[in-house]
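Chemist: need a structure here:
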Amino acid sequence: MAHKIIERVDAHYEAREVPFGTVYEWHPAYVALECYCGEQLILTATSPKTVCRCGADVGGFVNDVQEREGRVPDRLTLEKRKAGQLANLLGEALPGEPSAALERLADEDRRQAEVGLVALMSMGKVSYKPLEELSPKDMPARAAAIRLRMTWLKERRDGWLARSSSRRT
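Modeler: Take a look at the predicted model:
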């Protein structure tokens, strides 16, 4: 006899309009299942319980939820990257930056997004992998690549703000 899946819900955002804009509420992924013994379990990506009270292993379901939940933000980001998100974030070239180099960066990012590639960073090296091929063991390298990109963009922006405010005075 196998476990019976009662319900499987992918992680998602729900948009709610409020007077001054939109609030996005995160709903994590979960799976509701019935064990061989009849016990019903609800498992999330952070479920500490991977064994039913009867001893049946349900860890595979937890891993599945973790994989599904981990890909949602990347799927949303892929769509934004396809639409030119990096070009928008970069804006105009800063003094000393060749605008052609920024355009190449933005075009390459858009092309990678169109074929579903996401960055991974491990041991100081960046590599790329199709989103659908990511496994739980890739998640630390994926998180490191996201942090690197965010840090670079923030430092670039903050440096620009510091330079622009010193020019005004």
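Chemist: Distance check, the nearest residue to Ser127 once chain neighbours are set aside against Lys80.
Modeler: Leaving aside its sequence neighbours, Ser127 sits nearest to Leu120 (CB to CB, 6 or more residues apart in numbering; 5.1 Å). (Each C-beta comes from the backbone N, C-alpha and C, glycine too.) Separation of Leu120 from Lys80 (CB to CB, to the nearest Å) stands at 19 Å.
Chemist: and the two? which has more neighbours close in?
Modeler: Counted by other CB atoms under 10 Å, Leu120 and Lys80 do not tie: Leu120 has more neighbours, with 20 against 13.
Chemist: before we move on, what SS does the more buried one have?
Modeler: Leu120 carries the three-state label strand when classified by DSSP: H, G, I helix; E, B strand; the rest coil.
Chemist: sorry, back to before: per-residue pLDDT of the residue nearest to Ser127, please?
Modeler: pLDDT recorded at Leu120 is 94.
Chemist: and if you look at the one 10 residues further on?
Modeler: What the model reports as pLDDT for Pro130 is 93.
Chemist: Repeat that for Ser164.
Modeler: Per-residue confidence at Ser164 stands at 51 (pLDDT).
Chemist: Check Glu133 too.
Modeler: For Glu133, the pLDDT comes out at 87.
Chemist: again with Arg16
Modeler: Model confidence at Arg16, given as pLDDT, is 86.
Chemist: again with Glu34
Modeler: You'll see Glu34 listed with a pLDDT of 90.
Chemist: is it true that it touches Glu7?
Modeler: No - judged on CB atoms under 8 Å, Glu34 makes no contact with Glu7 at a distance of 10.5 Å.
Chemist: ok, these two, which is more surrounded?
Modeler: More crowded of Glu34 and Glu7, by other CB under 10 Å: Glu34, with 14 against 9.
Chemist: For Gln85, give me its contacts.
Modeler: Residues in contact with Gln85 (CB atoms under 8 Å, 6 or more residues apart in numbering) are 77, 109.
Chemist: rewinding a little: shared neighbours of Glu34 and Glu7, which are they?
Modeler: The overlap between the contact sets of Glu34 and Glu7 (CB under 8 Å, 6+ apart) is empty.
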